[in-house]
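J.: The following block contains a protein sequence and its predicted model.
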Amino acid sequence: MAENETRLNSNLFKQYQKFGFDIMEYLADFFEKAELEEIDEQAVNSLDGRYQRLTFPDQSYIRYTSWNDAKKPFYINLYNSRGGYILELDLTRLVCIEDRFTWYLAMPKNPESREVLAKQLDFVQTPSDYRAWVTHQKMMLKQGKQINKEGFLLAEDSSWKELVEKLAALIQIHPKNT
């Protein structure tokens, strides 16, 4: 538990936690008919479980959650109306430098997830400085270190508004009922 307490008190950790909640709030505003539940403070404080959920009228949903027994605390996952997994987004890959955001999404192992991303985003070589930044970030957040040399470009040198608009566009088009 000491490691989790240290993580929870880190400024970088708190910033990434806030990014996730801000994204969820933006998506709730963007998708007017979606319902955003209250933050589960117990899950947040233990870094274990679903922090927040956004449910669409068709019962598909987005979860801001931890993953892998709280070892990876910053994930936004999309699910279809039957609770089937569609896509996961690792927030530790989101780079913020002076209020400008870059986010290359990892190549999913799931073929359906790859298809969703490939239809909407470019699969490109990730710049070495981006990989170095994310590797350092992951080390500081104690969340793994693997960064592939390729990824799907969601946003590059974007404002927060541009970033969340691109994310909402990605989510809006996903095949929720597949």
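T.: Received it, and whenever you're ready, just let me know what you need. This is a predicted model, so every value here is computed, not measured.

J.: for the longest helix along the chain, packing partners?
T.: Once the chain is assigned using DSSP state H, the helix that runs over the most residues is helix 11-30. Secondary-structure packing of helix 11-30 (3 or more CB pairs under 8 Å, 6 or more residues apart in numbering; DSSP states H and E): strand 35-36, strand 50-55, strand 61-67, strand 72-79, strand 94-97, helix 160-173. The way it works is simple: take the backbone N, C-alpha and C, and place the C-beta from them, glycine included.

J.: Now render the ones you listed as CSV, adding mean pLDDT and distance to residue 87.
T.: As requested, these are exported to CSV (pLDDT from 0 to 100; distance: least, CB to CB, whole Å):
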stretch, mean pLDDT, distance to residue 87
strand 35-36, 96, 19
strand 50-55, 93, 14
strand 61-67, 89, 9
strand 72-79, 88, 5
strand 94-97, 94, 15
helix 160-173, 91, 8
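
J.: Could I get these in CSV, plus columns for distance to residue 146 and mean neighbour count?
T.: CSV is the format used below for the helices and strands packed on helix 11-30 (distance: least, CB to CB, whole Å; neighbours: other CB atoms under 10 Å):
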stretch, distance to residue 146, mean neighbour count
strand 35-36, 31, 15
strand 50-55, 23, 21
strand 61-67, 14, 22
strand 72-79, 11, 22
strand 94-97, 16, 17
helix 160-173, 22, 17
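
J.: Please name whichever of these is nearest to residue 104.
T.: Evaluated over the helices and strands packed on helix 11-30, closeness to residue 104 peaks at strand 94-97, with 8.8 Å, by CB to CB.

J.: Give me the below-cutoff pLDDT ranges for this structure.
T.: Applying pLDDT under 70 to the chain flags the ranges 1-9, 68-71, 173-178.

J.: Which residues in whichever helix or strand residue 43 is part of does the neighbour count mark as buried?
T.: Taking DSSP states H and E as the criterion, residue 43 maps to helix 41-46. Of the residues in helix 41-46, 43-44 count as buried by neighbour count, 16 or more other CB atoms under 10 Å.

J.: same thing with stretch 127-146?
T.: Within stretch 127-146, the residues scored as buried using 16+ other CB under 10 Å are 130-131, 133-134, 137-138, 141-143.

J.: just stretch 110-125 next, same as before
T.: Buried positions in stretch 110-125, judged by neighbour count with 16+ other CB under 10 Å: 113, 116-117, 121.

J.: residues in contact with residue 168?
T.: Applying CB atoms under 8 Å, 6 or more residues apart in numbering, we find residue 168 in contact with 26-27, 30-31.

J.: residues contacting residue 33?
T.: Counting by CB under 8 Å, 6+ apart, the residues that residue 33 touches are 56-57.

J.: Likewise for residue 64?
T.: With contacts taken as CB under 8 Å, 6+ apart, residue 64 has the following neighbours: 20-21, 23-24, 50-53, 75-76.
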